[in-house]
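Engineer: Curious how this folds, go ahead:
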Amino acid sequence: MFVLHGCIHPPAAPMELYSAWSGRVGANAFIPSEKVQQLFNDMQLYPSKSEVLEMLRCAQQCAQRSAPNYLTFGEFCVFATELKRCVDKGISRPAQLSRLLERDGGDKRRTRRKVSKGLPKHEVFLGGSCNPTTWRQDVAIPLLKDLGITFFNPQVSDWAPELIEKEHYAKQNAAVLFFVMDNQTRNAAAAVEVAFFTGLRRSLVLVVNPYQPTGCEVAGEAILEDELEDLAAGQQVMQLLAERQGIPCFPNIPQAVHGIAKVLWENVSVHELQPIKKGSTQISDRLMKLREAFDAVDSERTGKISLGQVRLAFWILNNRNLPLSDLRSAGVLEKEAKENVSFENLQVNFDQFCAIVAEFKSNQESEQFLLKGWNISPLHSLLSNQQTSFDVYLGGSSTNTSWRDDVAIPLMKKNSLRYIIPPSNQWTKQVVHSCITLAERSRVVLFIITDTSRSLAELNMAAYYIGLGYDVVLCVQLLTEESVINGKLLSKLAVKDYNRGRMYLRDLAVREGVPVLDSVSAAVELAASKCLKSNTVH
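Structural biologist: Got it, this is the predicted structure:
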């Protein structure tokens, strides 16, 4: 048994990892940033300085540290295992996660709705912020005209009903969807649209101007702190979803137009553009995926999970069962095994979880379980009290509402349905990725958008899932001029802006064949009936 300042080390995780670790830092539980590259070199692994820096930053983000100044043993195990796998398989580094995601799930795209023929096609659709912004006329259109690129501008002075069909046709047939999101408007509908197109994996290019922490105004209205937090959360979620799919986000319009020209003229994918923000490397992404899986099963947010939850998280990562007998023999649990600690009550932290995954990732003797679609729960051999997947994902509004406790959960329990409540307290990258992981493991994705909160982030998540083609059920309540959020009466303009986003979500859902219900109870009952019907079929 090896002890790293109180951390039990797994001698088989594998042995060469511990040998390299102890040879470089002894019994310390952490390795400082300046020694990380040397440690990898000791194992005949040679990541670049930029790759090491990204590993440190990824570890900082996953562990929510104040600075990227060290790695734990578990984190090192994950990175070293993934680096070695890349070397052994000849995978080039860094490999953009966006390209892997682009390959994955391409079959989930919905069939596009047929539209009228005979309308002219445009290369670029100019979406995003509208009045009072003038970015189209002032910057984008002159640049596009100079380059000879055709475009469709939906911002017109005289609106007419027939423009709806023209705009929809332009969106469906444009080679590139160019969306500019400024900080002078609330962008509720535009953000929903971006999230939906992100889920569809359309060729999308973004420019996003963040909301300023002080002095933010929309149409002359001062934006107070609580509204600013909601606006920033909605924008953050939209960007994280785009980043997850490798969609480029440029700092300004000229750079974005230059990238669009490359897409049109050089036949490159938007994912190959090089804006300021890029997707994570495949190596760093591995640790992020472990964090996602850990958070997905750590529903109580204690920072520790049971062995049954370890097995569930392992399957989420590898689509492979981890037998309980193997887990009991894990090196990281050696001390507990010798002391005859009850494994039913044993709790594992994230660093121990990382070491366990590194130890058993390459175990080919474990039974294989492959996903057979969204409606099958493949882990029948897990502990009887562990939920292998979920029937209903209870997404949507969480502020100033109790629809889950009052309506959804009682109905789920009454019908013995498995449900999951996604985290939504802070819309960090980890939370967004955890929500996506949970939705992927759910038969039905239910979203209840209430009139008790702005729910901008939730609107965007719902639109993204619809774009991906998940089995979504919606209930979207509109705000009224009497709507009060956090003790403040909404302005007429705010109600109009936020309802525009809600109505856009409802419209696209109907267009995509997603049921939209008027009441919470009706939506919950429909989600439950879908699962019960599926259970009967299977």
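Engineer: contacts and neighbour counts: CA atoms only from here.
Structural biologist: Noted.
Engineer: Now the most centrally placed residue in the chain: which helix or strand?
Structural biologist: Centre of the chain computed as the mean C-alpha position; nearest residue by C-alpha atoms, centre = their mean is H433, 3.4 Å away. Using DSSP states H and E, H433 sits in helix 429-440.
Engineer: what comes into contact with that helix?
Structural biologist: 62, 237, 240-241, 288, 291-293, 295-296, 374, 393, 420, 422-424, 445 (C-alpha atoms under 8 Å, 6 or more residues apart in numbering).
Engineer: same thing with stretch 36-54?
Structural biologist: So stretch 36-54 is contacted by 16-17, 20-21, 24, 68, 70-71, 80, 83-84, 94, 281, 284 (C-alpha under 8 Å, 6+ apart).
Engineer: With stretch 303-315 instead?
Structural biologist: The contact list for stretch 303-315 (C-alpha under 8 Å, 6+ apart) reads 293-294, 296-298, 320-324, 327, 343-350, 353, 357, 382-383, 386, 388.
Engineer: for it, which positions count as buried?
Structural biologist: 304-315 (16 or more other C-alpha atoms under 10 Å).
Engineer: go on, stretch 408-419?
Structural biologist: 408-409, 411-412, 418-419.
Engineer: What about those residues, which are in helices?
Structural biologist: 409, 411-412 (DSSP state H).
Engineer: next helix or strand past the lowest-mean-pLDDT helix or strand in the chain?
Structural biologist: Lowest by mean pLDDT, DSSP states H and E among the helices and strands of the chain is helix 97-103, with a mean of 30. Next helix or strand after helix 97-103 toward the C-terminus (DSSP H and E): strand 124-128.
Engineer: helices or strands up against that next one?
Structural biologist: If contacts are counted by 3 or more C-alpha pairs under 8 Å, 6 or more residues apart in numbering; DSSP states H and E, strand 124-128 sits against strand 151-152, strand 176-181, helix 188-200.
Engineer: For the first one, name the packing helices and strands.
Structural biologist: Counting contacts by 3+ C-alpha pairs under 8 Å, 6+ apart, the secondary-structure elements packed against strand 151-152 are strand 124-128.
Engineer: for the second one, same thing?
Structural biologist: With contacts taken as 3+ C-alpha pairs under 8 Å, 6+ apart, strand 176-181 sits against strand 124-128, helix 188-200, strand 204-208.
Engineer: Out of these, which is closest to A462?
Structural biologist: A462 lies closest to helix 188-200 among the helices and strands packed on strand 176-181, at 8.3 Å (C-alpha to C-alpha).
Engineer: Between strand 204-208 and the closest one, find me the angle.
Structural biologist: 140 degrees (axes from the mean of the first three to the mean of the last three C-alpha atoms, to 10 degrees).
Engineer: do you know how far V484 is from L147?
Structural biologist: Distance of V484 to L147, computed by C-alpha to C-alpha, to the nearest Å: 48 Å.
Engineer: How about L394?
Structural biologist: 47 Å.
Engineer: pLDDT for the contacts of stretch 36-54 - can I get that in TSV?
Structural biologist: Listed next are the contacts of stretch 36-54 as TSV, based on pLDDT from 0 to 100:
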residue	pLDDT
E16	80
L17	84
A20	87
W21	88
R24	89
P68	86
Y70	92
L71	93
A80	88
L83	82
K84	80
P94	38
T281	52
S284	71
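Engineer: closest to L489 among those?
Structural biologist: Checking the contacts of stretch 36-54 one by one against L489 (C-alpha to C-alpha), the nearest turns out to be P68, at 42.5 Å.
Engineer: so what's that closest one up against?
Structural biologist: 33, 53, 56-57, 59-60.
Engineer: Got the phi and psi for G395?
Structural biologist: phi -90, psi 170 (degrees, to the nearest 10).
Engineer: go on, T72?
Structural biologist: Reported as degrees, to the nearest 10, the phi and psi values for T72 are phi -90, psi 170.
Engineer: What number of residues are in the vicinity of it?
Structural biologist: 17 (other C-alpha atoms under 10 Å).
Engineer: likewise the one 5 residues further on?
Structural biologist: Neighbour count for C77, taken as other C-alpha under 10 Å: 25.
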